[in-house]
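1. A structural model of the following input is requested.
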Amino acid sequence: MSFIRPLLTIKNAQSQFRLISRSMATEMSFTFASPAQVIYNQARNVKQVDVPSLSGSFGILANHVPTLAVLKPGIVTVTETEGAVKKFFVSSGSVAVNADSSVQVLAEEAFPVEQLDLKAAQEQLSEAQRSLSSAASDVEKAEAQVAVETAEAVVRAIQTGI
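-> All right, here's what the predicted structure looks like:
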């Protein structure tokens with residue numbers, strides 16, 4: 001008498017059930033937050049999220065393959081089910097896409113693009129470039145380089161929306 005074969009059948013049936021239930025999900029649960037605020041909290045009215053990651057920008061829909069990624073400075077675009085598109089600048093953070101179609105974007109900083117000031121961003125970029133050129137140590141150079149890349153991303157986001 002085999003004790004293992006019935007266990008294989010049960011496990012296989014459970015796996016098939018998980019695949020069927022996952023393929024039937026038509027919406028995602030979306031959470032987007034920074035230390036300063038929660039922008040979306042398990043929202044179900046989001047159709048698509050586009051994120052800038054270190055490995056390239058990508059879009060997320062319901063049933064996206066589970067993914068973990070590190071955010072780079074850039075625009076997170078949220079498309080809501082009724083068609084509204086909202087854009088947020090993020091300086092860094094992470095995104096997690098789970099098998100149950102839940103998505104979490106956790107940003108170090110997140111601001112609506114329309115609240116960003118081009119002149120202030122250009123001044124910040126100039127200051128960061130000056131800091132980079134005068135940096136003496138490797139740590140100072142690395143910190144200044146991050147500041148330059150972030151300021152460049154803010155200016156680009158304001159000017160182009162991407």
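2. buried residues, the helix ranked longest in the chain. List them.
-> If you go by DSSP state H, the chain has its longest helix at helix 138-160. By neighbour count on 16 or more other C-beta atoms under 10 Å, the buried set for helix 138-160 is Ala144, Ala147, Val148, Thr150, Ala151, Glu152, Ala153, Val154, Val155, Arg156, Ala157, Ile158. The C-beta positions use only the backbone N, C-alpha and C, and glycine is treated the same way.
3. equivalent analysis for stretch 46-55, please.
-> Here stretch 46-55 shows Val46, Lys47, Gln48, Val49, Asp50, Val51, Pro52, Ser53 as buried, counting by 16+ other C-beta under 10 Å.
4. in a strand, the fourth one, correct?
-> Yes: following the definition DSSP: H, G, I helix; E, B strand; the rest coil, Val49 is counted among the residues of a strand.
5. correct me, but it touches Val105?
-> Yes: with contact defined as C-beta atoms under 8 Å, Val49 counts as touching Val105 (6.9 Å).
6. now the common contact residues for these two.
-> The contact sets of Val49 and Val105 overlap at Phe30, Phe32, Val76 (C-beta atoms under 8 Å, 6 or more residues apart in numbering).
7. now do the second one against Val51, distance only.
-> Looking back up the chat, that one is Phe32. 10 Å (C-beta to C-beta, to the nearest Å).
8. hey, what's in contact with both of the two?
-> Joint contacts of Phe32 and Val51 (C-beta under 8 Å, 6+ apart) are Val76, Val105.
9. any idea what Phe89 is bridged to?
-> Ile75, Phe111 (DSSP bridges).
10. how about the one 4 residues further on?
-> When assigned by DSSP bridges, Gly93 has beta-bridge partners Leu71, Ala107.
11. does it really touch Pro73, like I thought?
-> No: in this structure Gly93 lies outside contact range of Pro73 using C-beta under 8 Å: 9.8 Å.
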